[in-house]
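**Q** compute the structure for the input listed below.
(one chain, ligands or ions: 2)
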Amino acid sequence: MEQDLILTGRVLSFAASPFAVSSPEAAVEQHEALGLRGGKIIALGSKAALVKALPGAQIVDHGERVILPGFVDSHVHYPQTAMIASWGKRLIDWLNTYTFPEEMRFGDAAYAARIAARYLDLTTACGTTTVASYCTIHPESAEALFTEAQARGQRLVAGKTCMDRNAPEGLRDSAQSAYDDSAALIARWHGVDRLSYAITPRFSPTSTPEQLEALGALWAANPDCLMQTHLSEQLDEIEWVRGLFPEARDYLDTYERYGLLGKGAVFGHAIHLEQREKDRLREVGASLIHCPTSNTFIGSGLFDMGGLMAAGHRIGLATDTGGGSSFSMLRTMAAAYEVSQLRGLPLHATQLLWLATQGSAAALRLEDKIGNLAVGMEADLVVLDLASTPAIAQRAAEARDLWDAVFPTLMMGDDRAIAEVRIAGRKVV
Ligand code: GUN
Ligand code: ZN
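**A** Numbers count the residues shown, from 1 in each chain. Ligands and ions are numbered 1, 2, ... in the order given. Sure thing, here's the model as predicted:
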């Protein structure tokens, strides 16, 4: 049996959502130590208490470093790893010019395996321990990511992307093959180890009504899978959807009428929503994913975090690699802060960290497993060095309190701030 482990440092644990309490800081508890056994968290408390409770445990002392749940990136496209940061296009042109040609390469299983490994190396180095990824239309692309994540013992949500129109030759499936290939992947991977499947129509412009209907039927047959897609990212896109689905009440209705709205639906972007859409999304408990670096990089707009949170929506945070311009959830928290400033409601450090961990976990319906440091949770965690560069160190030295010390790393930090990463208790960085 593996030896128990005690990590000491500034262990931060959410007692509540910092969006749900009057003082965000009151939502976070600080402990001296964290006890791990068999890939799970078994104790939190003072160092003395844990040493007494776990005799023979190995002790890893992190001093003044901050110990947090591993970051959860709730909307990514791993196949876009090699074309991240491509210049000068907005959504539809960006897809046609940069994204689709790159995604075409994933019919080659060896290429897919290479990028899957590269992607998980890059994100792990940034402290991300779970992602929800789109793959490409090729079942091989999903096989590659599931296989790689399984080998690493990593929790993963992923799905084969489905598109049967408005995509180039070679990057289209059909209603029937999307159903059959997705069903085969569900049978092979969903619920195996730490892996789960998300039924993944890319977005309604690239699916015929027949394909959306087929995927709605697949979801009804597999209701414990998630369903992930895009919603109301850019105004041009919304106009295009209106033309393609003249009978639909709004963009959300293009999913709703085919059985693709419900608890367990995860909508990326959701920037330009109408009131009916907001009401329905909240009523059914669907999740919205804020992708701030992508929304500024592709020029999409400013997500209404304040309004949507106040209305009671379930919201996660994500990089949206490679529409997003970074693999790092630290950089993504900085962008979320900047967007919140532009909307006049600055997010607190506790709120940014919650969005990147428990908020994203809850958006993926995984909050009972990951996203918090609490007894019984899986031991995915990240250790932050709050003085990782000279610029951050000199600012942190002036900090008035814990959150004033953490905030500069959220704003200015990158993979150099990631002192250690553990996946199911095992050290991987
Ligand atoms: N909408 C449809 N596909 C995509 C994609 O790959 N990235 C982003 N940002 N938006 C999309
Ligand atoms: Zn996306």
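
**Q** tell me how far the host helix or strand of A217 is from the chain's mean position?
**A** Using DSSP states H and E, A217 falls within helix 209-221. Offset of helix 209-221 from its chain centre (CA atoms, centre = their mean, to the nearest Å): 24 Å.

**Q** and what of stretch 177-185?
**A** The chain centroid and the centroid of stretch 177-185 are separated by 24 Å under CA atoms, centre = their mean.

**Q** how about the residues of the chain by ligand 2?
**A** With CB under 5 Å from the ion as the criterion, the chain comes near ligand 2 at residues G268, D320. (Each C-beta comes from the backbone N, C-alpha and C, glycine too.)

**Q** need the residues of the chain near ligand 1, please.
**A** H77, L91, L95, T99, R202, F203, H230, E233, S294, I298, D320, G323 (CB under 6 Å from any ligand atom).

**Q** before we move on, back to that, which helices and strands sit right next to the helix holding A217?
**A** helix 175-189, strand 195-201 (3 or more CB pairs under 8 Å, 6 or more residues apart in numbering; DSSP states H and E).

**Q** let me see the contact set for the residue nearest to A221 when sequence neighbours are not counted.
**A** Spatial nearest neighbour of A221, excluding adjacent residues (CB to CB, 6 or more residues apart in numbering): A183 at 7.9 Å. Shown in contact with A183 (CB atoms under 8 Å, 6 or more residues apart in numbering): L218, A221, N222.

**Q** for L226, same thing?
**A** Contact analysis of L226 by CB under 8 Å, 6+ apart lists A132, V157, G159, S196, Y197, A198, I199, G264, A265, V266, L364, R365.

**Q** torsion angles phi and psi at the second one?
**A** When you say that, I think you mean V157. phi -120, psi 130 (degrees, to the nearest 10).

**Q** so what's it bridging to?
**A** A132, S196 (DSSP bridges).

**Q** just to revisit the earlier point, between the residues of the chain next to ligand 1, which is nearest ligand 1?
**A** Proximity of those to ligand 1 (CB to the nearest ligand atom) peaks at G323, which lies at 3.1 Å.

**Q** the nearest residue to the closest one once chain neighbours are set aside is in what secondary structure piece?
**A** Among residues not flanking G323 along the chain, S294 sits closest, at 4.0 Å (CB to CB, 6+ apart). Using DSSP H and E, S294 sits in helix 292-297.

**Q** just the buried positions in the following helix or strand past that helix, please.
**A** Note on helix 292-297: by DSSP H and E, the next helix or strand toward the C-terminus is helix 305-310. Buried residues in helix 305-310, counted by 16 or more other CB atoms under 10 Å: M305, L308, M309.

**Q** how about the CA coordinates for helix 305-310, as CSV?
**A** The C-alpha trace of helix 305-310 is given here as CSV (Å, rounded to 0.1, in the frame of the first residue of the first chain):
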residue,chain,number,x,y,z
MET,A,305,-20.6,37.5,-15.0
GLY,A,306,-22.2,39.9,-12.5
GLY,A,307,-25.7,39.7,-14.0
LEU,A,308,-25.7,36.0,-14.7
MET,A,309,-24.3,35.1,-11.3
ALA,A,310,-26.8,37.3,-9.6
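
**Q** report the distance from it to the chain centre.
**A** Centroid separation between helix 305-310 and its chain, computed with CA atoms, centre = their mean, is 19 Å.

**Q** can you list the strands that the helix or strand that it is followed by pairs with?
**A** Scanning forward in sequence from helix 305-310 by DSSP H and E, the next helix or strand is strand 314-317. Note on strand 314-317: by DSSP bridges, its sheet partners are strand 287-290 (parallel).

**Q** about what we covered before: using a markdown table, lay out the helices and strands packed on helix 209-221 together with distance to G359 and mean pLDDT.
**A** Converted to a markdown table, the helices and strands packed on helix 209-221 look like this (distance: least, CB to CB, whole Å; pLDDT from 0 to 100):
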| stretch | distance to G359 | mean pLDDT |
| --- | --- | --- |
| helix 175-189 | 25 | 98 |
| strand 195-201 | 18 | 99 |
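
**Q** between those, which gets nearest to E169?
**A** Ranking these by distance to E169, with CB to CB as the measure, places helix 175-189 first at 14.7 Å.

**Q** quick one on the thing from earlier: what is the burial count for the residue nearest to G323?
**A** S294 has 28 neighbours, counted by other CB atoms under 10 Å.

**Q** that one is in contact with T332, isn't it?
**A** No - with contact defined as CB atoms under 8 Å, S294 does not reach T332; the gap is 9.1 Å.

**Q** mutual contacts of these two, please.
**A** By CB under 8 Å, 6+ apart, S294 and T332 have these common neighbours: T319, G324.

**Q** now find how far off-centre the top helix by length along the chain is within its chain.
**A** Scanning the chain for the helix with the most residues, using DSSP state H, yields helix 109-125. Here the centre of helix 109-125 is set off from its chain's centre by 17 Å, with CA atoms, centre = their mean.

**Q** contacts for that helix next, please.
**A** Taking CB under 8 Å, 6+ apart as the rule, helix 109-125 contacts 73, 76, 78-79, 81-82, 105-106, 131, 136, 138, 140-141, 143-145, 147-149, 152, 154, 321, 327, 415, 418, 421, 423, 428-429.

**Q** what's the ChimeraX line that selects buried ones from these?
**A** Paste this into ChimeraX to select the buried members of the contacts of helix 109-125, with burial taken from 16+ other CB under 10 Å:
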select :73,76,78,79,81,106,131,136,138,140,141,143,144,145,147,148,149,152,154,321,327,415,418,421,423,428,429
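
**Q** keep only those of the contacts of helix 109-125 that are in helices.
**A** Assigned to helices by DSSP H, the following of the contacts of helix 109-125 qualify: E140, S141, E143, A144, L145, T147, E148, A149, R152.

**Q** OK, contacts around the fifth one?
**A** To tie it back to what came earlier, the one meant is L145. Y78, A112, A116, Y119, S133, C135, L156, A158.

**Q** for it, give me the pLDDT.
**A** pLDDT, L145: 99.

**Q** again, but for the first one
**A** Listed pLDDT for E140 reads 98.

**Q** my read: it touches G107, true?
**A** Yes - here E140 reaches G107: they are 6.5 Å apart, a contact under CB under 8 Å.

**Q** stretch 121-134: which residues count as buried?
**A** Buried-residue list, stretch 121-134, by 16+ other CB under 10 Å: 122-134.

**Q** the residue in the stretch 301-429 of the chain that ligand 2 sits nearest to: neighbour count?
**A** Distances between the stretch 301-429 of the chain and ligand 2 by CB to the ion are smallest at D320, namely 4.8 Å. Using other CB under 10 Å, D320 has 30 neighbouring residues.
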